[in-house]
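**Q** kindly generate the corresponding structure for this input.
(2 chains)
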Amino acid sequence: MKRLISVTLGILTAIGGFVDIGDLVANAAVGARFRWNLAWVVLVGIGGIILYTEMAGRVATLTKRATFDIVRERLGPRMALGNLVASMAVTFLTLIAEVAGVALALELATSVNYLLWIPMAAALVWLVIWRVRFERMEEVFGLLGMALVVFAVAAWRLVPSWGDVVDLATHPHVPTGEGAPTYWYYAIALFGAAMTPYEVFFFSSGAVEEGWTHKDLVTNRANVFVGFPLGGALSLAIMSCTAMVLAPAGIGVDHLSQVALPVAATLGRLGLAVALLGFFAATFGAALETGLSLGYSVAQYFGWPWGKRQRPVDAARFHAVVLVALMIAAAVGLTSIDPIKVTEYSIVFSAVALPLTYFPILVLANDPEYLGDQTNGRLRNLLATVYLVVIVAAAVAAIPLMIATKGGG
Amino acid sequence: MDDDPGVTRPAGLVIDAALELLDRQLVDSDDSLAGKVDDLELTPSEDDSHVLYVTAILSGPGALGPRLPGRLGRAWSALFDRLHPAEHPEPIRISFGVVQSLGPRIRISMSRHHLGVNSFEHWTREHIIRRIPGSGDASQ
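**A** From the prediction side, this is the model:
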């Protein structure tokens, strides 16, 4: 049981990256539109986030220093401030979307308009951050998020032959009727979502919050190798469900309610209820992750005391950042802005933030002054360098493709 | 530089201050985070060997402003001067004498509460955080 519980940091982190509100809809939309032709991107994303989060977690475990602390030290105040602004923009836009996403999940369950739920959702997220112990928080929302496994069950029931699916997924092509720019735009969106910077901020800060030490290097690895493949598998399960139910019927996805359609069609009311619970837990977990990450990254840039281990009066500025961010997120959500669109636009800021976040991690993971004999091996560095090239390429291509395809339209 | 016969090697520890001091995390005597090494105070030696000694660590937004580029740096410093209650605000100065150890974290032998008043921290604590019930309890 101890082993099972101790990987919840990885699970909660992965939920924020792979199945938060933007990704729930994006995965479903991609499945309905491209079937399995973009499944490979999710696998590439899992590999990249495992590689870099493990490094960030290893640095945090051995030095008690989370990612933004390192970013500031290695990039200097000026470049790190640029990164801070860009990654806070991504994280904040995502927070807006998650708060609205929690409200949308509650709307689906209660038929009460989501705008009425937004203030309640924001207040609940804040209350959990203010009062609930870090470990308890990740256990509850990480494990509740596992309700999304219902999509895997539905996919299992639906699939005529796994051989055909594997065959389709391993021979990807641009479907007829779709342009190559649109295909690549969605590929970058899925890759960017898997590699979002707040995942490493949250994971590395969480490692410090949980007080990991040298003997927890195994825990670090277990969290990364269980959490992210699980998150990625959930996102592939959602994609497969819509590929089998909605794609043949020519139904597109642009709302959370349509994501659950295949589950409702296959598993009935009970399945739908479990899916809604999963939506709620995943969006709530992602709201916690992004809200805390905002506080973590600002505090670590300026060297303020941070974290849930401290009494709030001892980490006043950290808690003030989280509180103000949640209030503004709720206010923006109440303008009835489309939360799905908001997460799509955050990709633009990811483009700037990703290379500036992952490069310092790679540098420090090779520094024996910090890591002693736990520095990267040659294979890991080779893989990390290849990924860094992919990240930069995706970053450069993201904005032109977004403009060329009018946001994947 | 050590091999340059024109320069006398100064007494004391020789380090690359920009690499091993700047932008590192300060940790105080209570083991809590106490800001960053935002800037350094350098003092020329009294003889004429042209050697600069690091005599203090400067910390807080007042020290960070001058290190940010151009217009952003000037705006930052102007905002700090405007919001700070003192007439001619100075950054927090930590004499190098209280520095205990160097490394990934710079440890100092004082409590951060005695370093000088950080007005922003004070304001957020007294006006926002302390007024919320439960602010004195750790969440565990």
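**Q** in the chain, spot the helix with the most residues.
**A** The chain I'm using is chain A. Using DSSP state H, we find that the single longest helix of chain A is helix A:67-110.
**Q** I was after chain B.
**A** As assigned by DSSP H, the longest helix anywhere in chain B is helix B:70-83.
**Q** give me the residues contacting whatever helix or strand comes next after it.
**A** Counting by DSSP states H and E, the next helix or strand C-terminal to helix B:70-83 is strand B:92-95. With contact meaning C-beta atoms under 8 Å, 6 or more residues apart in numbering or on different chains, strand B:92-95 is reached by B:26, B:35, B:41, B:55-60, B:62-63, B:108, B:110, B:115-116, B:118. From N, CA and C alone the C-beta is placed, and that goes for glycine too.
**Q** which among the residues you listed count as buried?
**A** B:26, B:35, B:41, B:56-60, B:62-63, B:108, B:110, B:115, B:118 (16 or more other C-beta atoms under 10 Å in any protein chain shown).
**Q** same for chain A: which of these are within range?
**A** Counting by C-beta under 8 Å from any C-beta of the partner chain, B:26, B:35, B:59 from those sit close to chain A.
**Q** which of the buried ones among the contacts of strand B:92-95 fall within helices?
**A** Per DSSP H, the subset of these in helices is B:62, B:63.
**Q** what about the residue of the stretch 51-200 of chain A found nearest chain B, how many neighbours?
**A** Closest contact between the stretch 51-200 of chain A and chain B, by C-beta to the nearest C-beta, is at residue A:133 (4.2 Å). Using other C-beta atoms under 10 Å in any protein chain shown, residue A:133 has 14 neighbouring residues.
**Q** surely it touches residue A:307?
**A** No: using C-beta atoms under 8 Å, residue A:133 is not in contact with residue A:307; the gap is 11.7 Å.
**Q** low-confidence bits of chain B, can you list those?
**A** Within chain B, the stretches with pLDDT under 70 are B:1-14, B:117, B:139-140.
**Q** what residues of stretch A:387-402 count as buried?
**A** Neighbour-count burial for stretch A:387-402 flags A:387, A:388, A:391, A:394, A:395, A:397, A:398, A:401, A:402 (criterion: 16+ other C-beta under 10 Å).
**Q** what helix or strand is the fourth one located in?
**A** I take that to be residue A:394. Using DSSP H and E, the element containing residue A:394 is helix A:378-404.
**Q** state the mean pLDDT of that helix.
**A** Per-residue pLDDT over helix A:378-404 has a mean of 92.
**Q** before we move on, what about stretch A:154-172?
**A** Mean pLDDT, computed over stretch A:154-172, is 91.
**Q** I'd like the distance between the residue nearest in space to the middle of chain B and residue A:383.
**A** The centre of chain B sits closest to residue B:59, judged by C-alpha atoms, centre = their mean, with a distance of 2.4 Å. Separation of residue B:59 from residue A:383 (C-beta to C-beta, to the nearest Å): 38 Å.
**Q** about what we covered before: between the ones next to chain A among the buried ones among the contacts of strand B:92-95, which sits nearest residue A:254?
**A** residue B:35 (46.4 Å; C-beta to C-beta).
**Q** got a list of what that closest one touches?
**A** Each residue near residue B:35 by C-beta under 8 Å, 6+ apart is listed here: A:302, A:303, A:304, B:26, B:59, B:60, B:92, B:112, B:115, B:118.
**Q** against residue A:395, how distant is the fourth one?
**A** I take that to be residue B:26. Where residue A:395 is concerned, residue B:26 sits at a distance of 33 Å (C-beta to C-beta).
**Q** any idea whether residue B:50 is helix, strand or coil?
**A** Recorded secondary structure, residue B:50: coil (DSSP: H, G, I helix; E, B strand; the rest coil).
**Q** my guess is it contacts residue B:44. True?
**A** Yes: with contact defined as C-beta under 8 Å, residue B:50 reaches residue B:44; the gap is 7.2 Å.
**Q** up against chain A, what does chain B have?
**A** Within chain B, the positions near chain A by C-beta under 8 Å from any C-beta are B:22-26, B:32-36, B:38, B:59, B:61, B:64, B:67-69, B:72, B:104-105, B:120-121, B:124-125, B:128-130, B:132, B:134-140.
**Q** out of the residues you listed, list just those in strands.
**A** Of the residues of chain B next to chain A, the ones assigned to strands by DSSP state E are B:25, B:26, B:33, B:34, B:35, B:36, B:59, B:105.
**Q** how many residues are close by residue 69?
**A** Just so you know, I chose chain A. Count around residue A:69 with other C-beta under 10 Å applied: 32.
**Q** to clarify, I was referring to chain B.
**A** A count of nearby residues for residue B:69, using other C-beta under 10 Å, gives 10.
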